[in-house]
Each structure stands twice: as structure tokens, then as C-alpha cells.
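Chemist: My questions are about this predicted structure, shown below with the sequence.
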Amino acid sequence: MAESFAGKSVIVTGGGRGVGRGIGQAFAAAGANVMLGARTLSYATDVKAEIEAAGGVAEIVGVDISRHDDCRALVDAAVAAFGGVDVIVHAAADIPHGGLGHVDDDRLEAGFASIAKAAWWLLDAARPYLAKANDGGRFIAIGSINGTFNVVPNMTAYGMAKAALDAFVRAAAGDVVGEGITVNAVNPGLVASDRAKAVLGDDGLAAYGATVPVGRAGTPEDIAHACLFLASARSDYITGTTIKMDGGSTVAAPAGRNEILQERLKAQHGKAN
């Protein structure tokens, strides 16, 4: 039986597209009141409309979670709209593509702030409300296997930020465990999101997916399933841990997978310049 989140207040960062969009839709379908934080409001508006058309409840806030004040504002908006915060899923990330010497200071800071610093700011702001949540508060970060379980060439800045996020999850779990709050992460491999399609193209995504041991790339729905579990009462004995969701990529590395990524990333880098 699927768990109901009826009456729960759930914040999803990066809720306008990709993984965040899928997570927001999944929680709304399970009965939650969902606050979507997004930098581009037009995307979040579309998701809100889809959720409401399906009978769910959603509100949106335009935020840049690489800014401390915006993280606080997002939490405040959820409290004002829904009376509290039960679950936060931090899925947003300003992804800096590039290796050492190819990412400027502004891009490096934007990536680190939106991924790792934002997790700190969000949990800190929501902590009093999560501590009052029925069945315990939940903080879930969307990490990556890059920087934590493996290394993707020319994605050094991104991997560094995701590794910092992973360290935060482990340490912060100990900081708040006495308040009935769990802190966990889902670390995906390649997910067939809009952003991945923009970088790799449909053919590149299909080629990469064919190298994954389970035979495909992940989907936003895959990641949402893991988040629903970690947010449920059934997961209250789990904290400070990571669910690796990569289709077996890090236990079997067929030749050619990195070459596919590098070809596409170099093409994107050339366009940016």
C-alpha cells in the first residue's frame, strides 16, 4: 500500500524541472501540500497547474537557493501557506561543467552555494518546524554519484560540491537526530531529465543508457520513489545515509561511457565560449 502524505507540508527546491519536478508531482499525488521553489517561475507555474489539474495542492515561490535569504524566504513561504514544514527535498543545483582551470570563480561559487551551502541554510531555517513534524521531520538531499562514488572527468567543480553535500548529510544527521529529524540523500547516476537531454541529446542519452548495467538511464520518477520512502514513517530508523541510484554503473564500468559524456561536455563547453 502506498503511504499517504495527506496534510504534510513538503518543500521541493528545483521544483520547476527535471528531478525536482518529478519529486514535487509524486508528493502531491500522495496527498502532500507541496511548495515548489524555483528560480524560473514559468516552469514552476506549469508544474503547479499540472498538480492542481490532477487534484493536488501546490504553491510556488521564485527563489535562488544559492542565496541565504532566499532559502529562509522559501521556508517562511511554506509555513505561511501550509502551517509548517514536514519534509524538505533539496533537488536544485546550479551545475558548473568543467574541470580544474575551466570554471571561473563565479560559476564555482554558484555551484557550491546552490548545492552544499543551500542544504545548510534550508535545514537551519526549517529546523524548528521539522522538529515539530508528526512522524518526525525529514530532510532529503539529491546528491550525485559524481564526487562521492566515482569521478566524471571535466565535472570536477560539480563533483566537489556534491561531495560536500554528502559530507553535510552525514554530519548534520548527528546534529538534529535528537530532535526527531532525519537527514539523508539520494545519489543518482545519469537521469534522463530535461537538462541531461539538453547536454547529451536524445542519441547521446540513449547511447549512455545502453552502457548502464540495468539497460537504461534513470528517470525523475525513480528518484521520487526513493524520496517518498525516505520521507515516510517507515524510514525513521535511517539517517545520515545515502541511497545510491545508478543502475549499477559504479559496480560495472563498460568502456565508452566516459567517452560519450566527454564528447558531449566538450561540445557544450565550446558553445559556451
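Modeler: Nice, I can see it.
Chemist: shouldn't residue 186 be in contact with residue 231?
Modeler: No - using C-beta atoms under 8 Å, residue 186 is not in contact with residue 231; the gap is 10.9 Å. Yep, even glycine has a C-beta here, placed from its N, CA and C like the rest.
Chemist: what do these two both touch?
Modeler: Counting by C-beta atoms under 8 Å, 6 or more residues apart in numbering, the common neighbours of residue 186 and residue 231 are residue 140.
Chemist: Show me which of those two is the more surrounded one.
Modeler: A direct count of neighbours by other C-beta atoms under 10 Å for residue 186 and residue 231 places residue 231 higher, at 30 against 25.
Chemist: Please name the spatially closest residue to residue 18 (chain neighbours excluded).
Modeler: residue 193 (3.4 Å; C-beta to C-beta, 6 or more residues apart in numbering).
Chemist: measure the one you found to residue 236 for me?
Modeler: In this structure, residue 193 and residue 236 are 30 Å apart, going by C-beta to C-beta, to the nearest Å.
Chemist: which one of these two has more residues nearby?
Modeler: Counted by other C-beta under 10 Å, residue 193 and residue 236 do not tie: residue 193 has more neighbours, with 22 against 12.
Chemist: Please tell me I have it right and the more buried one contacts residue 220.
Modeler: Yes - at 6.2 Å, residue 193 counts as touching residue 220 under the criterion of C-beta under 8 Å.
Chemist: Quick check: neighbours shared by these two?
Modeler: Common neighbours of residue 193 and residue 220 (C-beta under 8 Å, 6+ apart) are 18, 19.
Chemist: Contacts only, for residue 215.
Modeler: 209, 247.
Chemist: now with 10 Å?
Modeler: 209, 247, 248 (C-beta atoms under 10 Å, 6 or more residues apart in numbering).
Chemist: check contacts around the second one.
Modeler: Residue 247 makes contacts with 188-190, 209, 211-218, 222, as judged by C-beta under 10 Å, 6+ apart.
Chemist: Look up which helix or strand it falls in, please.
Modeler: Taking DSSP states H and E as the definition, one finds residue 247 inside no helix or strand.
Chemist: Residue 210 versus that one, what's the distance?
Modeler: Noted for residue 247: a distance of 11 Å to residue 210, by C-beta to C-beta.
Chemist: any common contacting residues for the two?
Modeler: By C-beta under 10 Å, 6+ apart, the residues touching both residue 247 and residue 210 are 216, 217.
Chemist: For residue 90, what are phi and psi?
Modeler: phi -100, psi 100 (degrees, to the nearest 10).
Chemist: Low-confidence ranges, the chain, go.
Modeler: Where the chain drops to pLDDT under 70, the residues are 1-2, 253-273.
Chemist: Just the helices from the stretch 151-273 of the chain, written as ranges.
Modeler: For the stretch 151-273 of the chain, applying DSSP state H, counting those that start in this stretch gives helices covering 156-176, 194-211, 220-231, 257-272.
Chemist: what's the answer for the stretch 1-150 of the chain, then?
Modeler: Here the stretch 1-150 of the chain has its helices, by DSSP H, counting those that start in this stretch, at 18-29, 41-53, 68-82, 105-112, 118-130.
Chemist: Now do the last one and helix 68-82, the angle between them.
Modeler: Between the axis of helix 118-130 and that of helix 68-82 there is an angle of 30 degrees, by axes from the mean of the first three to the mean of the last three C-alpha atoms, to 10 degrees.
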